[in-house]
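Novice: Predicted model, plus sequence, below.
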Number of protein chains: 2
Amino acid sequence: MEIKDEFLKEQLLTKGIKPSNYRILILRYLLEKKSHPTVDMVYAYIKTTMPVVSRTTVYNTLDTFAKNRLVQVITIEDIEKRYDADVSTHGHFKCEVCKSVYDFFFDASSIEQTMLQGFMIKEKHIYFKGTCEKCMTQSSH
Amino acid sequence: MEIKDEFLKEQLLTKGIKPSNYRILILRYLLEKKSHPTVDMVYAYIKTTMPVVSRTTVYNTLDTFAKNRLVQVITIEDIEKRYDADVSTHGHFKCEVCKSVYDFFFDASSIEQTMLQGFMIKEKHIYFKGTCEKCMTQSSH
DNA sequence: TATATTTTTGTAATGATTACAATTGTGATT
DNA sequence: AATCACAATTGTAATCATTACAAAAATATA
């Protein structure tokens, strides 16, 4: 299911971002793959379509998206940022074996507690680490 | 309330770490201050007592602590690791104004959900971002 | 077409972290 | 106390993701 250019342009314009070719391509990638890619993963993908792209362009584009809340930045390891086009509050699970990042959903209000009275909470991040189901079954051979 | 050297030595030995002067000093700092310091904060503190310490020693020591689960590594920003001597599962709140990191506690089991059936969860990390109470009241003048 | 503005680019700089080999310290044994 | 083995500490250099920046290219506007 290929996402229509028109939809992508609309998404960008809604956030005040001019829809350039790169921006459309990168946003489509993030929305279709949902794989929480790193900058380098995005860069590698873009190169398959537009081979002369600059790495800086990918950085700039993702920064623009993040600043305008079109994507959220996921920090699980300090050595890499990942980008998620789903900006809702949800959890991420990183498998330490295959390095995949999975989404999981839960009731965010269940974490509310009384210790942050008077605090203004802007972002909630939850991530777990361990071994995913696939790697669990494979390692048990 | 100064933590006794004997207690610190015991803590280290329990985890199989030989208690050197640096290790005792750094562990005391982490336990007494509870401020979730970065490597550079620890380095700056150690220098006040032992002025010729190498930055590498601080890195090595904190790595050793983390590998042996004497402290946990907190990744909120990708540009800095922070270290916490409280290894229980609890949340962290980082104030985007004053940069302080606060602890908060909640029922970890409330996040359990059904989407990670068959996954082995080894670590749970929760962090929020926003503005702390102190900075909220100060900015309202 | 000329002009202004934005996007894209490539290189250089930054800065936290790691690698590594040398030096120093510690503890046990003789 | 001298020797030895081993661990801890050190300082420098290398790594690597990210950022800064200024030039070039593309796009929109008049």
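Specialist: Cool, got the structure. Residues are numbered from 1 along each chain as shown, chains lettered A, B, ... in the order given.

Novice: Name the residues that touch the strand ranked longest in chain A?
Specialist: With secondary structure taken from DSSP state E, chain A has its longest strand at strand A:120-131. Outside strand A:120-131, the residues that touch it by CB atoms under 8 Å, 6 or more residues apart in numbering or on different chains are A:72, A:74-76, A:89-97, A:104, A:106, A:108, A:111, A:139, B:76, B:93, B:96, B:111, B:116, B:119-131, B:136. All C-beta spots, glycine's among them, are computed from the backbone N, C-alpha and C.

Novice: Then stretch A:26-43?
Specialist: With contact meaning CB under 8 Å, 6+ apart, stretch A:26-43 is reached by A:1-3, A:8, A:11-12, A:45-46, A:53, A:55, A:58-59, A:61-62, A:65, A:70-71, A:74, A:80-86, A:92, A:100-101, A:103.

Novice: Just the buried subset of these, please.
Specialist: By neighbour count, with 16 or more other CB atoms under 10 Å in any protein chain shown, the contacts of stretch A:26-43 hold A:8, A:11-12, A:45-46, A:53, A:58, A:61-62, A:65, A:70-71, A:74, A:81-85, A:92, A:101 as buried.

Novice: chain center to the helix or strand of chain A with the lowest mean pLDDT: distance?
Specialist: Every helix and strand in chain A was compared by mean pLDDT, DSSP states H and E; the lowest is helix A:133-139, with a mean of 90. Offset of helix A:133-139 from its chain centre (CA atoms, centre = their mean, to the nearest Å): 24 Å.

Novice: For residue A:10, see how far away the closest residue to residue A:79 other than its chain neighbours is.
Specialist: In space, and not counting its chain neighbours, residue A:79 is closest to residue B:78: 7.5 Å by CB to CB, 6 or more residues apart in numbering or on different chains. Using CB to CB, to the nearest Å, one gets 31 Å for the distance from residue B:78 to residue A:10.

Novice: Could I get the full set of helices for chain A?
Specialist: Counting by DSSP state H, one finds helices in chain A at the ranges A:5-14, A:21-33, A:39-49, A:55-67, A:133-139.

Novice: right, is the fourth one up against chain B?
Specialist: The reference is to helix A:55-67. No. Judged by CB under 8 Å from any CB of the partner chain, helix A:55-67 and chain B are separated, with a smallest distance of 12.1 Å.

Novice: Could you see whether DNA strand C lies near that helix?
Specialist: Yes. Using CB under 7 Å from any atom of the strand, helix A:55-67 reaches DNA strand C at A:55, A:56, A:57, A:60, A:61.

Novice: quick one, what contacts the last one?
Specialist: Read it as residue A:61. With CB under 8 Å, 6+ apart, residue A:61 has these contacts: A:22, A:23, A:26.

Novice: Present those residues as JSON lines; the columns should include distance to DNA strand C and neighbour count.
Specialist: Converted to JSON lines, these look like this (distance: CB to the nearest atom of the strand, whole Å; neighbours: other CB atoms under 10 Å in any protein chain shown):
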{"residue": "A:22", "distance to DNA strand C": "4", "neighbour count": "17"}
{"residue": "A:23", "distance to DNA strand C": "6", "neighbour count": "21"}
{"residue": "A:26", "distance to DNA strand C": "9", "neighbour count": "27"}
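
Novice: Can you lay out these as a markdown table showing pLDDT?
Specialist: Converted to a markdown table, the contacts of residue A:61 look like this (pLDDT from 0 to 100):
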| residue | pLDDT |
| --- | --- |
| A:22 | 97 |
| A:23 | 97 |
| A:26 | 97 |
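
Novice: Using JSON lines, lay out those residues together with distance to residue B:32.
Specialist: Below are the contacts of residue A:61 laid out as JSON lines (distance: CB to CB, whole Å):
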{"residue": "A:22", "distance to residue B:32": "50"}
{"residue": "A:23", "distance to residue B:32": "49"}
{"residue": "A:26", "distance to residue B:32": "47"}
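
Novice: from the residues you listed, which single one is nearest chain B?
Specialist: Checking these against chain B by CB to the nearest CB gives residue A:26 as the nearest, at 19.4 Å.
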